[in-house]
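Novice: let's see this in three dimensions:
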Amino acid sequence: MNFKIMLSTMWTTRPITLTPLMPTDDYLNLGRVLLNSEKLVNLPALEFSVDTPKKHLPDFMSLGPVWLLSVRFIELLRDYGVLFESFSIRLNTRLETCDDYHLFNLLQICPIVDIGKSNIHGLTDYDNLILLELNNTSEFSMVRDNFLRKIFVRDDLIQEILQKNISGCEWEDPADYSFHLRRKKW
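Specialist: Residues are numbered from 1 along each chain as shown. Alright, predicted model coming up:
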């Protein structure tokens, strides 16, 4: 089975501005916990605002490590056996409050990128990712790599997501994916 990196289309197809409505320290701590796939405890009030009417919201939105999924996307992943936890959030749209989105925390984390064979110069500079061979088991249908922290989704789950018309997702082959965040020299 092949895996692809899951990305959000909210930055490319129809730009959406998603804003956390919580203290900055709470948001940063939440992001740290989500990146490490730790169980969430002592959550702050989970409230966000979005600059788009409810009828135009995709099923998947991301703000860095914070992923918001619609209830129908959550149900699909639960039915598929993905190991995660989710928490209801309050999402304020332009005209109304939307209560059918959840904060998503993927609990399945393991090595998936072959660091020795991939072109990795650091956490902010890599391309041509080569994946390790994984067993074809249901617990690996969606997994976060323990080094790069990217989420990889197996092809059969991608097909299910596409078949159910879950919006907001795009997929990139790991070998074609690159991320380069270089600081300018002054």
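
Novice: residues near Leu77, how many?
Specialist: For Leu77, the neighbour count with other Cβ atoms under 10 Å is 22. All C-beta atoms are positioned from the backbone trio N, CA, C, and that covers glycine.

Novice: let me fix that: Leu69
Specialist: The number of residues near Leu69, taken as other Cβ under 10 Å, comes to 25.

Novice: what strand or helix carries Ile115?
Specialist: Following DSSP states H and E, there is no helix or strand that holds Ile115.

Novice: so the closest residue to it other than its chain neighbours: helix, strand or coil?
Specialist: Leaving aside its chain neighbours, Ile115 sits nearest to Phe147 (6.2 Å; criterion: Cβ to Cβ, 6 or more residues apart in numbering). Under the three-state scheme (DSSP: H, G, I helix; E, B strand; the rest coil), Phe147 adopts coil.

Novice: what distance do you get for the residue most central in space within the chain to Ile115?
Specialist: Nearest to the mean C-alpha position of the chain, by Cα atoms, centre = their mean, lies Trp67 at 5.1 Å. To Ile115, Trp67 is 24 Å away according to Cβ to Cβ, to the nearest Å.

Novice: determine the number of other residues adjacent to Arg72.
Specialist: Arg72 has 12 nearby residues by other Cβ under 10 Å.

Novice: find the nearest non-adjacent residue to it, please.
Specialist: Nearest non-adjacent residue to Arg72, counting by Cβ to Cβ, 6+ apart: Asp59, 6.4 Å away.

Novice: OK, contacts around the one you found?
Specialist: Neighbour list for Asp59: 69-70, 72-73, 166-169 [criterion: Cβ atoms under 8 Å, 6 or more residues apart in numbering].
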